[in-house]
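Visitor: Below are the sequence and a predicted model for it; my questions follow.
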Amino acid sequence: MLSEKEKLESIASLGIELNKINDLDILLERVLFRARQWVNADAGSIYINDGEKLNFVYTQNDTLQSQLSKGEKLIFSTFSIPINDKSIAGYVALTGQALNLPDVYNLPADVSYHFSSQFDQASGYKTISVLTIPLKTSKGNILGILQIINAQDEKERVIPYTKDDEKIMYHFAGIAAIALERAKLTRSIIMRMISMAELRDPMETGAHVNRVASYSVEIYEKWAKRRKISLEEIDKNRDILRMAAMLHDVGKIATSDMILKKPGRLNEEEFAVMKQHTIQGARLFLDTQSEFDEAAGIVSLNHHERWDGGARGYPGHVEVETGEPIEGKTLDNQAVKLKKGEEIPLFGRIVALADVYDALSSARCYKEAWDEEKILSIIKEESGKQFDPELVEIFLEIFDTIKSIQERYSSCD
């Protein structure tokens, strides 16, 4: 529980902290954590405005988290609610006014909104005090809704939120909304790049890249915690990796439609051209302006390498600017020196696994998803061959989280 002095110190540094985070999903997680920390809330959720509805996009709950095994993550489903006066969050989005409710099971009889106890009934949790704050842009538009649940005293007893809590959360929401507005702009730019790639390759969709990016972040976090990497370093790399992973196949924008949209198998010459998308993607980030540029180039170049250095991996050791093999050999005859093991950068190894799993497990408009048992059998078989064996081990350990991500970003690709 933060002291008043710590809260004041946090206010001064909050904007700087949030503006270091570029990825929208990672930022939502941090915003909710900091909001709860400021008013000692046990749980909370964030909704994002999507026209006439609110999308439930993120939640945290310390009580339910404490019931899980160490290292296990809280699984949640996403949903949407209409922006109207029937729900608490919908009412706040509609009116732009905060609601501070001491007990959501005992609302005044004259209000239009109601509390849905569906989550409480399913989870065994008891929601009592709820503070719901609008996240407004600089122009006064409602970006989303911040809802923090069950304020606690020093003995972890649930108490109502105070007027001071309301004031401090209004201030927090103003700072957070600025950061979220910037992150939404960054995400929209990335999604426009992906939309351009989708015009060339129908498989490169927003749902696909969001899944691959989210899988990658979860795998990385588990890998990093095994090595006791600092939380600050983990948070920084999660932010960078998520955005970089979304752009893993952006180089396909330079590949001919005759190859990308060919209905049958590619011949040897066509496949050699297809392989160039890794190099073409890396070239987009050669003018490195940030750690994100560096990571995006690494992922683009390395996500088709094989752990065992087998001949099906590509492009191998090449000069990105020219595409020429570093050893002076040619890609066409497969004589280029291939990367193997830890020669392949970590982010490339992670995205390789995430990308293959999503390709096999996701239903597309023209095919059914593969059977889960068959997919896991293939991934296990390729451990130490196509994939880094430690990353496969981690993937299997967090598979429940992987499946929840798949449901969150489900769509017909």
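Guide: Okay, I see it. In this text, all values refer to a predicted model and were calculated from it rather than measured experimentally.
Visitor: mind checking how far the residue positioned nearest the centre of the chain is from Lys73?
Guide: The geometric centre of the chain, computed from its C-alpha atoms, lies nearest to Ser214 (C-alpha atoms, centre = their mean), at 4.1 Å. From Ser214 across to Lys73, the span is 12 Å (C-beta to C-beta, to the nearest Å). Glycine gets a C-beta too; all of them are placed from N, C-alpha and C.
Visitor: Spell out which residues make up each domain of this protein.
Guide: The chain breaks down into these structural domains: 4-184, 201-408 (assignment by automatic domain parsing).
Visitor: Minimum distance to Met191: which of these has it?
Guide: Comparing these against Met191 with C-beta to C-beta, the closest turns out to be domain 201-408 (5.8 Å).
Visitor: ok, back up a step: what would the domains of the chain look like in JSON lines with mean pLDDT?
Guide: Listed next are the domains of the chain as JSON lines, based on pLDDT from 0 to 100:
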{"stretch": "domain 4-184", "mean pLDDT": "92"}
{"stretch": "domain 201-408", "mean pLDDT": "90"}
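Visitor: tell me what the host helix or strand of Val217 is packed against?
Guide: Taking DSSP states H and E as the criterion, Val217 maps to helix 206-226. Other helices and strands packing on helix 206-226, by 3 or more C-beta pairs under 8 Å, 6 or more residues apart in numbering; DSSP states H and E, are helix 163-200, helix 231-246, helix 346-361, helix 389-397, helix 399-408.
Visitor: buried ones in the longest one?
Guide: With burial defined by 16 or more other C-beta atoms under 10 Å, the residues of helix 163-200 counted as buried are 165-166, 168-169, 172-173, 175-184, 186-187, 190, 193-194, 197-198, 200.
Visitor: repeat for the third one
Guide: By neighbour count with 16+ other C-beta under 10 Å, helix 346-361 contains the buried residues 346-358, 360-361.
Visitor: The chain: strands as residue ranges?
Guide: Taking DSSP state E as the criterion, the chain carries its strands at 41-50, 53-61, 79-82, 99-101, 130-136, 142-152, 158-159.
Visitor: Next, format these as JSON lines and append distance to Ile16.
Guide: Below are the strands of the chain laid out as JSON lines (distance: least, C-beta to C-beta, whole Å):
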{"stretch": "strand 41-50", "distance to Ile16": "21"}
{"stretch": "strand 53-61", "distance to Ile16": "22"}
{"stretch": "strand 79-82", "distance to Ile16": "33"}
{"stretch": "strand 99-101", "distance to Ile16": "28"}
{"stretch": "strand 130-136", "distance to Ile16": "19"}
{"stretch": "strand 142-152", "distance to Ile16": "20"}
{"stretch": "strand 158-159", "distance to Ile16": "31"}
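Visitor: which residue sits closest to the residue nearest to the centre of the chain, ignoring its sequence neighbours?
Guide: Once its chain neighbours are removed from consideration, Ser214 has its nearest residue in Ile405; the separation is 4.5 Å (C-beta to C-beta, 6 or more residues apart in numbering).
Visitor: so that neighbour makes contact with Val212?
Guide: No: contact status for Ile405 versus Val212: not in contact, 9.7 Å apart, counting by C-beta atoms under 8 Å.
Visitor: neighbour count winner among these two?
Guide: Relative neighbour count places Val212 above the other of Ile405 and Val212, with 29 against 21, counting by other C-beta atoms under 10 Å.
Visitor: which strand residues sit across from Val130 in the sheet?
Guide: For Val130, the beta-bridge partners are Leu101, Ile149 (DSSP bridges).
Visitor: Thanks a lot, catch you later.
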